[in-house]
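Chemist: Return a 3D structure for these sequence lines:
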Amino acid sequence: MMASSEIGQDDAEPPDGERGGKYMAVAAVAVLAVAIVVGVLALRSGQDVRSTADDATVTTSAEPVVRTDGVPGAGKPHQEGDDCSHDYISARWQQRDGRWVCAPPGIMSTIHRVGDDCSHDDLIAQWVVGPGPAWLCQTQRRITTEAPVPVVVPTRPHTVQQAPVRVPTPEPAPAPVVTQAPAPAPVPAPRPAPAPAPVLPQLPFQLPQLPFPLPLPPH
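Modeler: Modelled structure (predicted):
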């Protein structure tokens, strides 16, 4: 009985060597799967980078290559006629419809005309067709802003006759204004003195004294 039980246990449990081989196989499969995933991701990222580079590549042809280095109406990043050769193609910067164009030789912009004024910094200049061909602002002469020196013409000396000095006549003094004093008011005449009372004749007898004074005669 004991021998049979030991034989059953040996059949159920694999030896250590086979168990290690299974683990190695599983690990190899996992590593292979990870490598495949990494390869796929790397391939996709390479395609994205290549597509981005393809989009950023500027194609060259016989036609002018438009490079917008700024919005229309902004400051000029270049000068007319500056060299912009690229990819073994000789070209110069030109301005067309408010945009800077890197055009090959033989193609000129219509922004200027021969003989147009381009004076600057007190210099008289005109637009001309230069080598390339390209528009060039050719200086003619300098503008003189200084005033001409006046020419002094000598004159014959002459005697200056002085006019007689006229002494102003003093104006007569104004006549004094006489103000008459108002006439004094008339003084009223004094009232005449009353006439003396008549003297009564003396009577042979003496009248008794009256208890009241006698009335005076009227005036």
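Chemist: how about the helices of the protein, start to end?
Modeler: In the chain, the helices defined using DSSP state H lie at 2-12, 16-56.
Chemist: hey, least reliable of those helices by pLDDT?
Modeler: Of all the helices of the chain, mean pLDDT reaches its minimum on helix 2-12 (a mean of 47).
Chemist: How is the chain divided into domains?
Modeler: Domain assignment for the chain, taken from automatic domain parsing, gives 9-56, 65-142.
Chemist: how far away is residue 112 from residue 138?
Modeler: With distances taken as Cβ to Cβ, to the nearest Å, residue 112 is found 12 Å from residue 138. All C-beta spots, glycine's among them, are computed from the backbone N, C-alpha and C.
Chemist: out of the two, which sits in the busier spot?
Modeler: Remark: of residue 112 and residue 138, residue 112 carries more neighbours, 19 against 12, as counted by other Cβ atoms under 10 Å.
Chemist: tally of neighbours for residue 122?
Modeler: Neighbour count for residue 122, taken as other Cβ under 10 Å: 9.
Chemist: swap in residue 101?
Modeler: 20.
Chemist: That one and residue 84 touch, don't they?
Modeler: No. Counting by Cβ atoms under 8 Å, residue 101 does not reach residue 84; the two are 9.2 Å apart.
Chemist: which residues of this structure fall in strands?
Modeler: Here the chain has its strands, by DSSP state E, at 65-66, 92-96, 99-103, 123-130, 134-142.
Chemist: Now the ones you listed in JSON lines, please, with extra columns for distance to residue 213 and mean pLDDT.
Modeler: As requested, the strands of the chain are arranged in JSON lines below (distance: least, Cβ to Cβ, whole Å; pLDDT from 0 to 100):
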{"stretch": "strand 65-66", "distance to residue 213": "154", "mean pLDDT": "46"}
{"stretch": "strand 92-96", "distance to residue 213": "147", "mean pLDDT": "75"}
{"stretch": "strand 99-103", "distance to residue 213": "148", "mean pLDDT": "76"}
{"stretch": "strand 123-130", "distance to residue 213": "141", "mean pLDDT": "81"}
{"stretch": "strand 134-142", "distance to residue 213": "141", "mean pLDDT": "74"}
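Chemist: Reformat these into CSV and put distance to residue 169 next to each item.
Modeler: Output for these, formatted as CSV (distance: least, Cβ to Cβ, whole Å):
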stretch, distance to residue 169
strand 65-66, 95
strand 92-96, 85
strand 99-103, 88
strand 123-130, 68
strand 134-142, 67
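Chemist: pLDDT score assigned to residue 69?
Modeler: 48.
Chemist: nope, residue 195 is what I meant
Modeler: The confidence metric pLDDT takes the value 77 at residue 195.
Chemist: Going forward, count from 543.
Modeler: Fine by me, first position is 543 from now on; the one you just mentioned is residue 737.
Chemist: burial count for it?
Modeler: Quick note: residue 737 (other Cβ under 10 Å) scores 8 neighbours.
Chemist: Look up how far residue 572 lies from it.
Modeler: In this view, residue 737 and residue 572 are 180 Å apart by Cβ to Cβ.
Chemist: same question, residue 654
Modeler: Residue 654 sits 72 Å away from residue 572, going by Cβ to Cβ.
Chemist: Residue 671 too?
Modeler: Separation of residue 671 from residue 572 (Cβ to Cβ): 73 Å.
Chemist: Counting neighbours, go ahead and name the busier of those two.
Modeler: Of the pair residue 671 and residue 572, residue 671 is the one with more neighbours under other Cβ under 10 Å, namely 13 against 10.
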